[in-house]
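# 3D, please:
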Amino acid sequence: MITGIVVALPQELGTLTTRKVVKGHCIFLTDTVVLAYSGAGADNAQAAAQLLIAQGATRLISWGCAAALSADLKSGDLVLADELINADGMTIAVDSEWHRRVRTALEKVACQASGFALRGGSLLESKTLVSTSRDKQHLHQQTNAVALDMESIAVAKVAQSHALPFLAIRAIADPVTMDLPKAIGHSLNLQGDVELGKLLKFLLLHPSELKGLITLGQHFNSAKRTLKLVAKELEHLLAPELA
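All right, here's what the predicted structure looks like:
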């Protein structure tokens, strides 16, 4: 059994490997784990999931960060999604047996570590950047989802179309109470990546944005710290008896 893992951002990639991976390509971390660096967004995630299957993956994981929709989640908490909800309100279930076994293993990691909690719940698809606390709270009220990201639903759809098991493992970056700095939205390119030049230019014109960016960076670091803790146990999490 080969596990394929999709990550969207270079910072998320760095929680699993120090090796260089070209965007849109994949590498084998072990004989049974293959990792794809997709880039941001659903289209890139879909292509990466299909690439992983072409490389022999027999089950898929969406790995990375997410935005909280529930006030119960803080930055650094880990969400093992019970189901996914697309932008139209349709749901996709995860593999229940695999989910149960991985959750048991993750509970042990959470108990041994300090600073993060393991949560379940629904993970919502976001087709665009959701930047305000008001919008995040509204989405929670509409869907009861606990968190959102842009890529997991695309990976889940590919897994579903190939009748493969799927899980989403996401660490919380921005809490529901946080408005994202306007600099983020102004710095994104068409691929959904932050362009440093645009970001610096915006900061020069709007220096008051710096405080929010520092806070977001701290939250993102908390999420990465959790992912790295989980990554240390990846071999055990993906052991055959947890298949």
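# What residues of stretch 56-69 count as buried?
Buried residues in stretch 56-69, defined by neighbour count with 16 or more other Cβ atoms under 10 Å: Ala57, Arg59, Leu60, Ile61, Ser62, Trp63, Gly64, Cys65, Ala66, Ala67, Ala68, Leu69. Glycine gets a C-beta too; all of them are placed from N, C-alpha and C.
# Name the nearest residue to the last one, ignoring sequence neighbours.
Across the structure, with Cβ to Cβ, 6 or more residues apart in numbering as the measure, the residue nearest Leu69 apart from its sequence neighbours is His140 (3.9 Å).
# The strand or helix carrying that neighbour - contacts with which helices or strands?
His140 is part of helix 133-143 when elements are defined by DSSP states H and E. The helices and strands touching helix 133-143, judged by 3 or more Cβ pairs under 8 Å, 6 or more residues apart in numbering; DSSP states H and E, are strand 122-125.
# The strand it packs on: partners in the sheet, and parallel or antiparallel?
Strand pairing for strand 122-125, using DSSP bridges, gives strand 83-85 (parallel), strand 147-149 (parallel).
# contacting residues around the very next helix or strand once past the last one?
The C-terminal neighbour of strand 147-149 among helices and strands, as given by DSSP H and E, is helix 152-161. Judged by Cβ atoms under 8 Å, 6 or more residues apart in numbering, the contacts made with helix 152-161 from elsewhere in the structure are 6, 42-43, 45-46, 48-50, 53, 59-62, 81, 84-86, 92, 94, 123, 125, 165-166, 168, 170.
# quick one: buried residues of helix 152-161?
For helix 152-161, by 16+ other Cβ under 10 Å, it's Ser152, Ile153, Ala154, Val155, Ala156, Lys157, Val158, Ala159.
# can you dump the C-alpha coordinates of that helix into PDB?
Extracted in PDB, the C-alpha atoms of helix 152-161 (Å, rounded to 0.1, in the frame of the first residue of the first chain):
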ATOM      1  CA  SER A 152      -8.800  19.100   0.400                       C
ATOM      2  CA  ILE A 153     -12.100  18.800  -1.400                       C
ATOM      3  CA  ALA A 154     -10.300  18.500  -4.700                       C
ATOM      4  CA  VAL A 155      -8.000  15.700  -3.400                       C
ATOM      5  CA  ALA A 156     -11.100  14.000  -1.900                       C
ATOM      6  CA  LYS A 157     -12.900  14.100  -5.200                       C
ATOM      7  CA  VAL A 158     -10.000  12.400  -7.000                       C
ATOM      8  CA  ALA A 159      -9.800   9.700  -4.300                       C
ATOM      9  CA  GLN A 160     -13.600   9.200  -4.600                       C
ATOM     10  CA  SER A 161     -13.500   8.900  -8.400                       C
END
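# From the buried residues of stretch 56-69, pick the one nearest Thr18.
Trp63 (15.9 Å; Cβ to Cβ).
# and that closest one, what are its bridge partners?
Ile169.
# Against Val6, how distant is it?
7 Å (Cβ to Cβ, to the nearest Å).
# Okay, Lys136 and Thr17: tell me how far apart.
31 Å.
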